[in-house]
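Asks: please find the sequence and the predicted model below.
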Amino acid sequence: MVRALKSGVNTARQSRAAAHYLPVGEWWFLNAAILDAIQADCRQAKMPLLFVYIPTQRWHEFRALRAYMKRTGANFVDLSEGGRNFAADMYLPADEHLNAKGNRYIAEAVLAWIRANLPERRPDGR
């Protein structure tokens, strides 16, 4: 029985791993539905929305997400492409989370996108 349970866990992990490359499996379709809902809410509210893919030390690229963002016309910064590289010293030791250097790197990428894509607004909102 333990082997069967472990096999189910491995199958779920394998399905999730495959979804990073191809839009397949329950995990992918659930997340795509959530992304669709977020985009719809922001469109209705006339609010700009930017998605940012932050690679982990294990998942360097997410092709299925990149294709989804392109297909839906979403504003998207993919920090795994275009020569952007996360160095090992941008993560907390023995952890997938970013440290201050990694967070600064992301903030600079987002700020560059904002400056290039959103009109400047005055403090009075005009």
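Replies: Okay, I see it.
Asks: what's the mean pLDDT across stretch 52-63?
Replies: Mean pLDDT, stretch 52-63: 83.
Asks: what does stretch 117-126 give?
Replies: The pLDDT scores in stretch 117-126 average 74.
Asks: what's the closest non-adjacent residue to the most centrally placed residue in the chain?
Replies: Nearest to the geometric centre of the chain sits residue 53, at 2.7 Å (Cα atoms, centre = their mean). Distances taken as Cβ to Cβ, 6 or more residues apart in numbering place residue 78 nearest to residue 53, at 4.8 Å, with adjacent residues excluded. For glycine as for every other residue, the C-beta is placed from the backbone atoms N, C-alpha and C.
Asks: for residue 107, phi and psi?
Replies: When read as degrees, to the nearest 10, the backbone of residue 107 gives phi -60, psi -40.
Asks: what count of nearby residues applies to it?
Replies: If you count neighbours by other Cβ atoms under 10 Å, residue 107 ends up with 10.
Asks: quick revisit: and the residue nearest to the centre of the chain, how far from residue 121?
Replies: 26 Å (Cβ to Cβ, to the nearest Å).
Asks: what's the answer for residue 66, then?
Replies: In this structure, residue 66 and residue 121 are 29 Å apart, going by Cβ to Cβ.
Asks: cool, residue 40 as well?
Replies: In terms of Cβ to Cβ, residue 40 sits 24 Å off from residue 121.
Asks: one more: residue 71?
Replies: 30 Å.
Asks: next, count neighbours for residue 74.
Replies: 17.
Asks: can you tell me the SS state at it?
Replies: Assigned with DSSP: H, G, I helix; E, B strand; the rest coil, residue 74 falls in the coil class.
Asks: would you confirm that it contacts residue 36?
Replies: No. Look at residue 74 against residue 36 with Cβ atoms under 8 Å: they stay out of range, at 9.8 Å.
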